[in-house]
Structure formats: C-alpha cells, structure tokens
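[1] this one's sequence-less:
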Ligand SMILES: [Zn+2]
C-alpha cells in the first residue's frame, strides 16, 4: 500500500497516510484532519474548521431564506392592504361599514322577533314563520359582518407576530 507524506494542518507534524485515506487523526496533536488532494499537491484541513465553515454557510443561507420569507410576507400584506383600501373607496365599507352591517343585522333581528311574537299573540300562527325566518337572516348578517372584521384583525395580528418572529430569528443568526 502506497503511503503519502502530509503535514498536520494544525501542528505541522509530518504524517503518513495511505493512498486512499480521506480522514486521519494527527498522532501528535490529535486533530481530526481531512486529507485533500489537488492535481499536484496534498494537504490536510482540520475537520472542526470545515464544520465551522459549513455551519457559517448554513447560517447565512438561513438568513437569506428568512429574509425572503419576510419580504414575501410584507408583499402579501401590502397587496391585502391595497385591495382593502380599494374596496373601501369602492363601497365605503371597512370597519365603519362592518359595524353598520352588524348593527343593522341586530336591529333587523329584533324587529323581526317583535313582529313574529306579535303575529303569534294575534293568533296568526303560520304567518309567524315569515318574520322568524327573516330574524334568522338578520342573525346571519350580524355574524357575517362581525366575522369579516375579526378575520381581518386576526390575519393582521398573525402577520405581525410572524414578522416579529422572523426578525428575531434573523437577528439571532447575524449575531453568531
Ligand atoms: Zn497535529
């Protein structure tokens, strides 16, 4: 078996390694070494150092990934805000509009219930179904309006939380 002479990258001691050996431990300083070969030279590199470099590279890759994610979030949120603003201009809705919707729904429901009870008291029996059905419709309007508002608030809160989280992760990685 052919052996090659290399020097330990850490302490400089001469080492003999077999032709095909890739990893060797220095007999003198016990460094873990990787044997690297180029066309006309052979040298060693400390494995710990390689791992460190790989770690750094993975770290910066992670930063890039996180920053991309952050930009994507901002973009999405930006588009959402833009379309919300456009909707506001178009229909005059938004928070005030939703509040009106909810109030209208509640009011409508109350009126229908009063009407229904009146019908029942008057002995109109079957006709009470109509205002009761309309009352249910009123409840549906109220719930839908409320839910639209809640959904928007929730998605905004989620966005802000996610954004803070990402920024924290990026800052932590940059400190490494
Ligand atoms: Zn050594």
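    Noted; the coordinates are in hand. Here the structure is a predicted model, which is why all the values come from computation and not from measurement.
[2] and stretch 27-40, how far apart are its ends?
    Distance between the two ends of stretch 27-40: 25 Å, counting by CA to CA, to the nearest Å.
[3] buried residues in it, which are they?
    31, 32, 33, 34, 35 (16 or more other CB atoms under 10 Å). The way it works is simple: take the backbone N, C-alpha and C, and place the C-beta from them, glycine included.
[4] excluding its backbone neighbours, what's nearest residue 76?
    residue 159 (7.9 Å; CB to CB, 6 or more residues apart in numbering).
[5] repeat for residue 143
    residue 105 (7.6 Å).
[6] mind checking the SS state of that neighbour?
    helix (DSSP: H, G, I helix; E, B strand; the rest coil).
[7] re the thing from before, give me the subset of the buried residues of stretch 27-40 touching the ion.
    residue 31 (CB under 5 Å from the ion).
[8] enumerate the residues of the chain near the ion.
    8, 10, 11, 13, 26, 28, 29, 31.
[9] sorry, back to before: give me the distance between the residue nearest to residue 143 and residue 111.
    11 Å (CB to CB, to the nearest Å).
[10] where do the contact lists of the two overlap?
    Common contacts of residue 105 and residue 111, defined by CB atoms under 8 Å, 6 or more residues apart in numbering, comprise residue 138.
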